[in-house]
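Visitor: Give me coordinates for this.
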Amino acid sequence: MSLEAAIRAKLIDALQPTRLDVINESHLHAGHRSSPGTGESHFRVLVVSSMFAGRSRVDRHRLVNETLAAELKGKVHALAIKAYAPGEAVT
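Guide: Next comes the predicted model:
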């Protein structure tokens, strides 16, 4: 299973999102000094989940980071997060 697929599966299981975009941006960082060159190190996620309702942006990010803790300790070098509750404007 690719790292992108693993990220997607974990976020679906933990957050039951109504929308989930997982974008591998590793190619944009190829050749950078801190990039591991694996092709699966830099990701951007957009998550819309009712679990975020009433939570601050920091708490939402913590939920995502806790869900992906193993990946963040290992292969993921960078993770950009946009987390929304249903009905919020997605940007």
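
Visitor: what's the following helix or strand after the helix or strand of the chain with the lowest mean pLDDT?
Guide: Every helix and strand of the chain was ranked by mean pLDDT, DSSP states H and E. The lowest is helix 69-73, at a mean of 92. Next in sequence after helix 69-73, counting helices and strands by DSSP states H and E, comes strand 78-84.

Visitor: And that following strand, what does it pack against?
Guide: With contacts taken as 3 or more C-beta pairs under 8 Å, 6 or more residues apart in numbering; DSSP states H and E, strand 78-84 sits against strand 42-48, helix 57-67. C-beta: built from backbone N, CA, C; applies to glycine.

Visitor: Can you name the residues in contact with the least confident helix or strand of the chain?
Guide: Helix 69-73 has contacts (C-beta atoms under 8 Å, 6 or more residues apart in numbering) with L3, A6, I7, K10, N65, L79.

Visitor: let's go with 7 Å and repeat that
Guide: Helix 69-73 is contacted from outside by L3, A6, I7, N65, L79, using C-beta atoms under 7 Å, 6 or more residues apart in numbering.

Visitor: now stretch 44-57
Guide: 11, 15-23, 25, 60, 63-64, 79-86, 90.

Visitor: What's the PyMOL line that selects buried ones from these?
Guide: Those of those that count as buried under 16 or more other C-beta atoms under 10 Å are selected in PyMOL with:
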select buried, resi 11+15+17+20+22+60+63+64+79+81+82+83+84
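
Visitor: Buried residues of the top helix by length along the chain, list them for me.
Guide: Using DSSP state H, we find that the single longest helix of the chain is helix 3-15. For helix 3-15, the neighbour count (16+ other C-beta under 10 Å) marks L3, A6, I7, R8, K10, L11, A14, L15 as buried.

Visitor: now that helix, how far from the centre of its chain.
Guide: 8 Å (C-alpha atoms, centre = their mean, to the nearest Å).
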